[in-house]
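Student: All I have is the shape, not the residue letters:
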């Protein structure tokens, strides 16, 4: 049985691991990290295969954090609370706007196809076979999956270059 966040007997932040639903266990592949089960994402697959490096993984994580902030308004910062951080609602919204601008610029630089690959990997958490069905609806499945993985690796490489170049030009 899976515990809900509003159950009084289990606080989701008390350090106890909760298991994914049986439906999600069937749909996703997981790996154990300490006491937690983590979804083995497409980024993890590319990293473990040696197709991408640490810079690309860091860029993917940064992009997802910026996406969550710009699009969803979500910020997860360790143990800091909003009350302990500097600024007010206006500075938060300005920061959110800057993230949104950066994502729009990135989409223009990468182009629609590579940007779509990033969204499929990082937002929709699609597997390579699922992406391959959408991108290459006809032809051999194994070849389509290989092409899709290569395109995703290229997208993450370009994403890493974007963030590295932005950091070089900061004033």
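Tutor: Received the coordinates, thanks. Keep in mind that this is a model prediction, so the values were computed, not measured.
Student: any chance you could map the strands in the protein?
Tutor: Taking DSSP state E to define them, one finds strands in the chain at 30-33, 36-39.
Student: mean confidence for the last one?
Tutor: Averaged across strand 36-39, the pLDDT comes to 60.
Student: show me where pLDDT drops low in the protein?
Tutor: Low-confidence segments of the chain (pLDDT under 70): 1-20, 23-40, 77-87, 167-171.
Student: Please enumerate the helices of it.
Tutor: 22-27, 42-48, 54-67, 89-110, 112-122, 128-135, 141-168 (DSSP state H).
Student: Including distance to residue 74, could those go into JSON lines?
Tutor: All C-beta spots, glycine's among them, are computed from the backbone N, C-alpha and C. Below are the helices of the chain laid out as JSON lines (distance: least, C-beta to C-beta, whole Å):
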{"stretch": "helix 22-27", "distance to residue 74": "20"}
{"stretch": "helix 42-48", "distance to residue 74": "19"}
{"stretch": "helix 54-67", "distance to residue 74": "9"}
{"stretch": "helix 89-110", "distance to residue 74": "10"}
{"stretch": "helix 112-122", "distance to residue 74": "14"}
{"stretch": "helix 128-135", "distance to residue 74": "25"}
{"stretch": "helix 141-168", "distance to residue 74": "20"}
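Student: To residue 73, which of those helices lies closest?
Tutor: Residue 73 sits nearest to helix 89-110 of all these, at 6.5 Å, using C-beta to C-beta.
Student: List the contacts of the closest one.
Tutor: By C-beta atoms under 8 Å, 6 or more residues apart in numbering, the surrounding residues in contact with helix 89-110 are 63, 66-67, 69-71, 73, 87, 115, 118, 155, 158-159, 162, 166.
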